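> Output the structure for:
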Amino acid sequence: MPNVKQNTKIKHMKSIGVFTSGGDAPGMNACIRSVVRTGLYLGLDVYGIKYGYNGMIEGDIYKMKSYSVSNIVQRGGTILKSARSKDFQTKEGRAKAYEQLKKRGIEGLVAVGGDGTFTGANIFFEEYGIPIVGAPGTIDNDLYGSDHTIGFDTAVNTALDAIDKIRDTANSHDRVFFIEVMGRHSGYIAIQSGIGGGAEYVMVPETSTTIQEVIDTLKSGREHQKTSSIVVVAEGGEQGDAHQIASEVSKVLPELDIRVSNLGHIQRGGSPTSYDRILSSRLGMAAVEGLLNGEKNVMVGIINDKVTYTSFKLAISKAKPINSDLMRLVEILSI
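Predicted coordinates for the structure are as follows:
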């Protein structure tokens, strides 16, 4: 038996549950696989809870075996399905969820998801005291307490692949493309894919950017004999979406052939990268070990290649700023 130091208060924990909630992210299956097999390796019963908090309320829960997670590490999405639950936002819904867990003897939970998932987990813990460790599963990379979240690297590479292809068309037709990427209120996907894709400008919610700055950059590019340009726009910025920004630029620079491409949900799917598979597996193992070591009401993360645990409240409330060097790099490389 591995040497896992257990907290005396929960040393008799014998059964845990795992679920995914909120938006799917590539690597969630790798995390589920790691949670299940780590739990089994440590002598625990592991239950899969389908459809997130909805499944917890409805009792859509089943015992998982090692073979339950065979051949899933390379698959996008989540075998446990995912959903957003309005019922769990009510006391009555949470009471039903607790009864379902209690009926099956589930003593701890691993929640794979983002800030909405962890907000619900925090309330659930405060009401019922069931230990919960969260694994950050969101392509947005907007949770404080981990350098990267599950699915972020894959989403960046998906966006980058699309930008590369769009650039071929932009170059062939001397066009300016405004490409909108996901991120909600975070510019991490935009800045990484923008730099990797050689974008002339990247607009992110974390910085105050004016339409005039975009116009000046495009004008400067033309003066330097650039016949095509890429502007990457993160959703959630104060200047609006890519269509709105492109429309404003067109009014000032009508001579430019401007097009817009919104990459949309393609960024949430696909086979996870090697990085995401390994990250997800590490987080899954650390989540289970954390439960056995007495961690509760926390998100597991990896910072500077070391496992950390951050309270749910801090993980979802504290800002995670983009490295200013990356913004400077965009400006320098765009000349």
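
> May I have the phi/psi pair for the residue nearest the centre of the chain?
Centroid check for the chain by CA atoms, centre = their mean gives residue 138 as the closest residue, at 1.4 Å. Backbone torsions for residue 138, taken as degrees, to the nearest 10, come to phi -160, psi 140.

> residues touching the closest residue to residue 314 other than its chain neighbours, list them.
Nearest non-adjacent residue to residue 314, counting by CB to CB, 6 or more residues apart in numbering: residue 144, 6.2 Å away. Glycine gets a C-beta too; all of them are placed from N, C-alpha and C. By CB atoms under 8 Å, 6 or more residues apart in numbering, the residues touching residue 144 are 310, 314, 315, 316, 317, 318, 319, 320.

> what about the residue nearest to the centre of the chain, distance to residue 234?
14 Å (CB to CB, to the nearest Å).

> what does residue 256 give?
22 Å.

> which one of those two has more residues nearby?
Shown here are residue 256 and residue 234; by other CB atoms under 10 Å, residue 234 has more neighbours (28 against 19).

> correct me, but that one touches residue 205?
Yes: counting by CB atoms under 8 Å, residue 234 does reach residue 205; the two are 6.0 Å apart.

> which neighbours do those two share?
Joint contacts of residue 234 and residue 205 (CB under 8 Å, 6+ apart) are 183, 186, 187.

> Nearest to residue 17 among the residues you listed?
Closest approach between the shared contacts of residue 234 and residue 205 and residue 17, by CB to CB: residue 186, at 28.8 Å.

> these two touch, right, that closest one and residue 138?
No: checked against CB under 8 Å, the pair residue 186 and residue 138 is beyond contact range at 9.1 Å.

> And the strands in the stretch 51-200 of the chain?
Along the stretch 51-200 of the chain, the segments classed as strands by DSSP state E, counting those that start in this stretch run 61-64, 108-113, 132-136, 176-181.

> Which elements pack onto the second one?
It stands for strand 108-113. strand 15-20, helix 28-41, helix 115-128, strand 132-136, helix 274-292 (3 or more CB pairs under 8 Å, 6 or more residues apart in numbering; DSSP states H and E).

> That strand pairs with which strands, and in what direction?
strand 15-20 (parallel), strand 132-136 (parallel) (DSSP bridges).

> any idea which of the ones you listed is most buried?
strand 132-136 (a mean of 31; mean count of other CB atoms under 10 Å).

> Any chance you could list what contacts it?
31, 35, 108-114, 117-118, 121, 124-125, 143, 145-146, 149-150, 280, 283-284, 287-288, 290-291, 295-301, 309, 312, 315.

> Let me know the angle separating it from helix 28-41.
140 degrees (axes from the mean of the first three to the mean of the last three CA atoms, to 10 degrees).

> tell me the angle strand 132-136 makes with helix 274-292.
Using the same axes, to 10 degrees: strand 132-136 against helix 274-292 is 170 degrees.

> How far does strand 132-136 sit from its chain's centre?
Its chain's C-alpha centre and that of strand 132-136 lie 13 Å apart, by CA atoms, centre = their mean, to the nearest Å.

> and that strand with helix 115-128, angle?
180 degrees.

> pLDDT of strand 132-136, averaged?
The pLDDT scores in strand 132-136 average 98.

> Dump the C-alpha coordinates for that strand into PDB.
C-alpha atoms of strand 132-136 as PDB (Å, rounded to 0.1, in the frame of the first residue of the first chain):
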ATOM      1  CA  ILE A 132     -14.500  18.100  -1.500                       C
ATOM      2  CA  VAL A 133     -11.400  18.600  -3.600                       C
ATOM      3  CA  GLY A 134     -11.800  20.300  -7.000                       C
ATOM      4  CA  ALA A 135      -9.700  19.800 -10.100                       C
ATOM      5  CA  PRO A 136      -9.600  22.900 -12.300                       C
END
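
> Need the max-distance pair from the contacts of residue 144.
Taking CB to CB, no two of the contacts of residue 144 sit farther apart than 310 and 319, at 13.4 Å.

> Neighbour count: these two, which is higher?
residue 310 (21 against 8).

> Which helix or which strand is home to the more buried one?
Using DSSP states H and E, residue 310 sits in strand 306-311.

> mind listing which of the contacts of residue 144 are in helices?
314, 315, 316, 317 (DSSP state H).

> Kindly reformat these as JSON lines containing pLDDT.
Below are the ones in helices among the contacts of residue 144 laid out as JSON lines (pLDDT from 0 to 100):
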{"residue": "314", "pLDDT": "97"}
{"residue": "315", "pLDDT": "97"}
{"residue": "316", "pLDDT": "95"}
{"residue": "317", "pLDDT": "96"}
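
> Turn the buried ones among the residues you listed into a named PyMOL selection, would you?
Selection of the buried residues among these in PyMOL, burial being defined by 16 or more other CB atoms under 10 Å:
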select buried, resi 315+316
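
> okay if I get the ones in helices among the contacts of residue 144 as JSON lines plus distance to residue 101?
JSON lines is the format used below for the ones in helices among the contacts of residue 144 (distance: CB to CB, whole Å):
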{"residue": "314", "distance to residue 101": "25"}
{"residue": "315", "distance to residue 101": "22"}
{"residue": "316", "distance to residue 101": "22"}
{"residue": "317", "distance to residue 101": "26"}
